[in-house]
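[1] Mind looking at a prediction? Sequence and model below.
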Amino acid sequence: MTEIFLVKKYYFIPLMILSAVILSTVYLIEIYLELPPCKLCIYQRVPYFFSLIICLFSFFLTNKKYLIYILFFVFTMSMIVSFYHSLVERGLINFEIGCTSMNQDFSNIDDLKKYLDEVPIAKCDEILFSVFGLSLANINFLISFLINLLNLYFFRKVYESKN
């Protein structure tokens with residue numbers, strides 16, 4: 001019974017720390033290694049921001065059962081986006097993103113060239129950073145999958161137990 005109480009009380013703290021560490025790491029890679037993120041990389045950060053917010057809400061709620069459902073959904077979406085990005089990186093799926101307007105008003109071609117020289121361009125099908133042959137999208141998929149397994153275990157241990 002005490003074990004279940006401790007798990008209920010402290011489950012969200014390590015998840016919040018993990019989300020903060022992951023976000024810090026990708027921003028450090030972006031800033032200090034000067035590796036610009038592609039659009040899919042940026043989309044993969046969103047679930048970790050949601051995770052931080054959900055974990056913060058957990059401190060103020062007594063019934064945290066629904067937060068586990070939400071976290072499971074959030075990290076399932078993270079798995080889908082990172083899996084898709086992994087397929088794009090490996091060339092198994094073609095992902096073309098059209099030009100988007102940056103609401104810039106260019107009066108001449110020199111201003112446009114200067115702007116394009118200053119803006120880092122990252123393509124979703126290029127792997128700019130990897131660890132042991134795994135891209136950040138691959139690593140994100142594995143982390144999201146493990147977090148979902150942990151969420152399932154936590155839910156079954158705490159909310160489906162008879163204690």
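    It's in.

[2] After the helix-or-strand element of the chain with minimal mean pLDDT, which helix or strand is next? Please name it.
    Sorting the helices and strands of the chain by mean pLDDT, DSSP states H and E puts helix 2-10 at the bottom, at a mean of 58. As assigned by DSSP states H and E, the chain's next helix or strand after helix 2-10 is helix 12-32.

[3] so how far is that following helix off the chain centroid?
    9 Å (C-alpha atoms, centre = their mean, to the nearest Å).

[4] what's in contact with it?
    With C-beta atoms under 8 Å, 6 or more residues apart in numbering as the test, helix 12-32 has contacts from 35-37, 41, 45, 48-49, 51-52, 54-56, 58-59, 64, 67, 71, 129, 136, 140, 143, 147, 150. No exception for glycine: its C-beta is placed from N, CA and C like everyone else's.

[5] List the residues that contact Met77.
    So Met77 contacts Pro47 (C-beta under 8 Å, 6+ apart).

[6] Next up, phi/psi of the residue of the chain positioned farthest from its centre, please.
    Taking C-alpha atoms, centre = their mean, the residue of the chain most remote from its mean C-alpha position is Asn108, at 38.7 Å. Dihedral angles of Asn108 (phi, psi; degrees, to the nearest 10) stand at phi -150, psi 170.

[7] Distance-wise, check it relative to Ile29.
    From Asn108 across to Ile29, the span is 36 Å (C-beta to C-beta, to the nearest Å).

[8] Ser86 now?
    In terms of C-beta to C-beta, Ser86 sits 17 Å off from Ile29.

[9] before we move on, what about Leu71?
    With C-beta to C-beta as the criterion, Leu71 and Ile29 are 25 Å apart.

[10] quick one, which of those two is more surrounded?
    Using other C-beta atoms under 10 Å, the more surrounded residue of Leu71 and Ile29 is Leu71, with 26 against 16.

[11] so what's the more buried one up against?
    Leu71 touches 15, 51, 54, 147, 151, counting by C-beta under 8 Å, 6+ apart.

[12] Over to the second one. Which of the three states is it?
    When classified by DSSP: H, G, I helix; E, B strand; the rest coil, Ser51 comes out as helix.

[13] Could you report the neighbour count for the closest residue to it other than its chain neighbours?
    Nearest residue to Ser51 in three dimensions, chain neighbours excluded: Ser19, at 4.2 Å (C-beta to C-beta, 6 or more residues apart in numbering). By other C-beta under 10 Å, the residues close to Ser19 number 22.
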